[in-house]
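**Student:** Just the structure for this:
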Amino acid sequence: MKLKFLIILICPAFLFSCMTTPRSVVYFQDLNKYQQNIRRGNDSATYEPIIKKYDELLITVSAPILDQEAVAQFNLPMTSFLTPGETTVQQSPAIQTYIVDNEGTINYPVIGRISLAGLTKSQAIERIQKSVSNYVKDPVVNLKIISFQVTVLGEVFKPGTIPVAQEKISILDALGAVGDLTIYGDRKNVLLVRENNDGTVTYNRFDLTSSDLFSSPYYYLQQNDKIIVEPNKTRQLESKYGPADGYKLSVYSIIFSALSIIASTTIAIISLNR
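**Tutor:** Below is the predicted model of the structure:
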């Protein structure tokens, strides 16, 4: 009787141990109930996007009215393209952009090659401005990374690539853009893959249940970062079986749970009647 009683207690506990617990899906569990301030690291607090190889850049130069002719040579003209298979050139001219090549440079009008890869956006603007100032007095340079995007894959509702118009996006913003993690996403083991200008690849893992994320130097993402949300143990266990097997297991677990409850109740009644 004791052995049966132990089996009845242990088996349901084993089954429920494979299920996702409520605490495993709660974000930032270590935060206090009341308001508190978290100091970010210097890298996060002063975030600026870093220009990388193969980035697509939109660069424009302006100056006082008297120098318009001198400025024009530093701005690429609007162009119209012929779409493959079409015989009519598109009506709306498109703005031309610069592609950072494999050497980390762009071929800029008049000036020639300018090395930009590895510079922050403000540093790149300052470098271009310094070069242009040899030809134009007090030039104003604007630069935008057109190709800024990040990719989120794995256990999220809408995996895919996210274009970032404002050139700044955090991990939480990226996860929110794809509909958040599913209930089967492992919130304690989110992977970030980042390709660097020197050809190396950086891997970093996050625990979304901890507030340490806010002080991480990887809190803000860079262009072309990949976030991969791995499945939790429940999803991994389910993947071992097909749809039919999953249905059978769910039926068996319900029957077993019902029998366990009946047996436990019966034992309790017998014990009370003794």
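**Student:** Please spell out the segments of the stretch 51-200 of the chain that come in under the pLDDT threshold.
**Tutor:** When the per-residue scores of the stretch 51-200 of the chain are filtered using pLDDT under 70, the ranges that remain are 66, 80-93.
**Student:** Tell me where it has strands.
**Tutor:** Using DSSP state E, counting those that start in this stretch, the strands found in the stretch 51-200 of the chain span residues 56-62, 98-99, 105-108, 112-115, 140-145, 149-154, 160-163, 185-195.
**Student:** Could you check how far the longest one is from the centre of its chain?
**Tutor:** The gap between where strand 185-195 is centred and where its chain is centred comes out at 9 Å by Cα atoms, centre = their mean, to the nearest Å.
**Student:** How about it, which residues are buried there?
**Tutor:** Buried positions in strand 185-195, judged by neighbour count with 16 or more other Cβ atoms under 10 Å: 185-187, 190-192, 194-195. Where C-beta positions appear, they are placed from N, C-alpha and C, glycine not excepted.
**Student:** next one: stretch 215-228
**Tutor:** Applying a neighbour-count criterion of 16+ other Cβ under 10 Å, the buried positions in stretch 215-228 are 216, 218-228.
**Student:** Pretty sure residue 119 is one of the things residue 197 touches, is it not?
**Tutor:** No. Using Cβ atoms under 8 Å, residue 197 makes no contact with residue 119, being 10.0 Å away.
**Student:** who's more crowded, the two?
**Tutor:** Summary of the neighbour comparison: residue 197 and residue 119, criterion other Cβ atoms under 10 Å, with residue 119 having more neighbours (19 against 15).
**Student:** how many other residues sit next to the residue nearest to the more buried one when sequence neighbours are not counted?
**Tutor:** Among residues not flanking residue 119 along the chain, residue 51 sits closest, at 5.5 Å (Cβ to Cβ, 6 or more residues apart in numbering). By the measure other Cβ under 10 Å, the count of residues near residue 51 is 24.
**Student:** just checking, residue 51 touches residue 115?
**Tutor:** No. With contact defined as Cβ under 8 Å, residue 51 does not reach residue 115; the gap is 9.8 Å.
**Student:** quick one, what contacts residue 61?
**Tutor:** Residues in contact with residue 61 (Cβ atoms under 8 Å, 6 or more residues apart in numbering) are 71, 74-75, 128, 132, 136, 139-142.
**Student:** quick revisit: could you redo the buried residues of stretch 215-228 as CSV and give each row pLDDT and distance to residue 105?
**Tutor:** Output for those, formatted as CSV (pLDDT from 0 to 100; distance: Cβ to Cβ, whole Å):
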residue, pLDDT, distance to residue 105
216, 90, 31
218, 91, 27
219, 94, 30
220, 94, 26
221, 95, 25
222, 94, 19
223, 94, 18
224, 94, 19
225, 96, 23
226, 97, 26
227, 97, 30
228, 97, 32
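**Student:** what's around residue 203, how many residues?
**Tutor:** Here the number of neighbours of residue 203 (other Cβ under 10 Å) works out to 9.
**Student:** Give me the distance between it and residue 218.
**Tutor:** Distance, residue 203 to residue 218, using Cβ to Cβ, to the nearest Å: 10 Å.
**Student:** shared neighbours, these two?
**Tutor:** For the pair residue 203 and residue 218, residues contacting each of them under the criterion Cβ under 8 Å, 6+ apart are 192, 194.
**Student:** still on that earlier bit, name the member of the buried residues of stretch 215-228 with the shortest distance to residue 175.
**Tutor:** Proximity of the buried residues of stretch 215-228 to residue 175 was ranked by Cβ to Cβ; the top entry is residue 227 with 7.3 Å.
**Student:** give the contact list for the closest one.
**Tutor:** Each residue near residue 227 by Cβ under 8 Å, 6+ apart is listed here: 150-154, 171, 174-175, 190-193, 221.
**Student:** where does it fall, helix, sheet strand or coil?
**Tutor:** Here residue 227 is strand, with the state taken from DSSP: H, G, I helix; E, B strand; the rest coil.
**Student:** Leaving out chain neighbours, which residue sits closest to it?
**Tutor:** For residue 227, the nearest residue in space outside its immediate sequence neighbours is residue 152; the separation is 4.6 Å by Cβ to Cβ, 6+ apart.
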